[in-house]
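1. Dropping the sequence and predicted coords here.
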Amino acid sequence: MEKSGQHVAGTSSPEAIQRWNEILDSLYDAAELLNTPQSVIKVLERPQRILEASIPLRRDNGDVEVYTGWRVHHNTARGPAKGGIRFHPDVDSLETSALAAAMTYKTSISQLPFGGGKGGVNCDPTGLSLGELERLTRRYTWEMLPLLGPDRDVPAPDVNTDGRVMGWLMDTVSMARGEESAATVTGKPLSIGGSLGHVGATASGVVTCVRAAFLLNDLTFEGARVAIQGFGKVGGPLAYLLHSAGMRVVSIADVTGAIHNPGGINVPALGEFVKESGGVVGFTGADAITNEEFWTTKCEVMIPAALALAIDSTIAEKLDARIVVEAANGPTSEAADKVFAEREIPVVPDILANAGGVTASYFEWVQNRQGYPWTSQEVATRLHDNMHNAFESVHDKTVELGVSMRRAAMAVGLERVSEAIIDRGFRF
Ligand code: NAD
């Protein structure tokens, strides 16, 4: 197989280069497993299009700052590009491309009629006033207009962007086009076409994967012990849902430290405490534990839901869980993944487990296009069914190819993208 996807952008950070190379390696690995035609690999080993723009911002004090922003479409063979917009000092073209590529496979695994996209502005939004943030968002949107639209590219919130930013984005597109443009972006506030059930959708999807993985591994859900790293937008609702469903959430870690209660933490009470204090440490319904004690918690399932590369090989060696379900993006290092394989600890990979958010985004887009909002129950049922089907198709591929769920997930994603590319006529 020819491998000519090495990126040569001189200004990219080592982390961005590593991310891009990792996604290429996963592509090559899946292509080898599937015997994917070289022509398809050639299409996928580089982004389909990248729009880079200068984003001038008039600061409140009258100074003008010029940032750089990007929108990348990695591949749109299966539908309009889908992926978040982040405002962060680490954003660059290559990192955005790597994240866009991951979206190509994620949307494919979940059978969403989308391709993969991502965007962002290289800036530190924490230093911006609300007015500055709005002007930055509107200028970025204006510059990216040629790529945006319900049938071209449908962004969503990501790091340091939220429903409010999506509202400004939608309003800017609507003003520019002179028409209502709700389906242009997802993750919007409910008042302007957002979907019920969008908040917490990632956590709900993780729960479906935990249940499916328990069934597969002959584990009993009721009363089972779970440890979760992260108590934020994903980890918080996840702990609550698992607790409500009858699991024992025995350990939780966040940026302030970690806590443990072998009988199960009272998650609603913890939620109230964290709202006041900002972190889990100091909660009287559990004992404080060290980071090492957190990772060696005896449990049925360990769920990293905070940071990339949280689990290295040393942690993987000591982990005392039957299965791992990755709610965070990229929480397991390559070396740790090898250890899990040797120890025969099944890992439900991020690209499958945390797809609930993008699935709910798809539902929002559908509702906007139908002009007919769904009830929370409709969203919840369809989300569960979609996640369950995605899990099943990855599991079937695991059995068919005799590989880990991570490699099988990528194979499922690539297989469908490859089929779409070929059906569009790229059969060399
Ligand atoms: P968040 O910022 O809301 O929460 C992050 C959590 O991680 C917080 O509880 C924080 O205290 C904790 N944390 C930070 N540093 C830590 C450390 N050193 N040790 C332990 N805990 C630490 O973020 P989020 O939206 O919940 O995202 C968490 C992960 O899930 C990220 O990897 C993100 O990419 C991924 N993800 C999120 C979504 C979503 O819908 N928000 C969707 C898909 C994937």
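-> Structure received.
2. Could you list every helix and strand in contact with whichever strand or helix holds residue 417?
-> Using DSSP states H and E, the secondary-structure element containing residue 417 is helix 405-423. For helix 405-423, the packing partners by 3 or more Cβ pairs under 8 Å, 6 or more residues apart in numbering; DSSP states H and E come out as helix 14-34, helix 38-44, helix 93-109, strand 347-348, helix 350-353, helix 376-401. Just so you know, the C-beta spots here come from the backbone N, C-alpha and C atoms, and that holds for glycine as well.
3. for that helix, the distance to its chain's centre please.
-> Between the mean C-alpha point of helix 405-423 and the mean C-alpha point of its chain there is a distance of 18 Å (Cα atoms, centre = their mean, to the nearest Å).
4. What of stretch 379-389?
-> Averaging C-alpha positions (Cα atoms, centre = their mean) puts stretch 379-389 17 Å from its chain's average.
5. and this protein, which residues reach the ligand?
-> Along the chain, the residues adjacent to the ligand under the rule Cβ under 6 Å from any ligand atom are 202, 229-235, 253-255, 305-308, 327-329, 354, 357.
6. for this protein, what's the longest strand?
-> strand 64-75 (DSSP state E).
7. That one - what's its average pLDDT?
-> Taken as a whole, strand 64-75 carries a mean pLDDT of 98.
8. For it, which strands pair with it and how are they oriented?
-> Strands adjacent to strand 64-75 in the sheet, as given by DSSP bridges, are strand 49-58 (antiparallel), strand 115-122 (antiparallel).
9. tell me the angle of the first one relative to helix 93-109?
-> Between the axes of strand 49-58 and helix 93-109, defined by axes from the mean of the first three to the mean of the last three Cα atoms, to 10 degrees, the angle is 120 degrees.
10. what's the spacing between strand 49-58 and its chain's center?
-> Here strand 49-58 is found 24 Å from its chain centre; the criterion is Cα atoms, centre = their mean.
11. Let me see the mean pLDDT of it.
-> Averaged across strand 49-58, the pLDDT comes to 97.
12. residue contacts, the residue of the chain found nearest the ligand?
-> The shortest separation between the chain and the ligand is 1.9 Å, found at residue 232 (distances taken as Cβ to the nearest ligand atom). With contacts defined as Cβ atoms under 8 Å, 6 or more residues apart in numbering, residue 232 is in contact with 254, 305-306.
13. Show the low-confidence segments of this protein, by residue range.
-> Along the chain, segments meeting pLDDT under 70 span 5-11, 427-428.
14. could you redo the last one with a cut-off of 80?
-> Counting by pLDDT under 80, the chain contains low-confidence residues at 1-11, 426-428.
15. Give me the spatial nearest neighbour of residue 78, chain neighbours excluded.
-> residue 420 (4.7 Å; Cβ to Cβ, 6 or more residues apart in numbering).
16. my read: that neighbour touches residue 104, true?
-> No. Contact between residue 420 and residue 104 fails when scored by Cβ atoms under 8 Å: they sit 10.2 Å apart.
17. Identify the contacts common to those two.
-> Common neighbours of residue 420 and residue 104, counting by Cβ under 8 Å, 6+ apart, are residue 78.
18. mind checking how far residue 244 is from residue 238?
-> Using Cβ to Cβ, to the nearest Å, one obtains 11 Å as the distance from residue 244 to residue 238.
19. neighbour-wise, which of these two wins?
-> residue 238 (29 against 11; other Cβ atoms under 10 Å).
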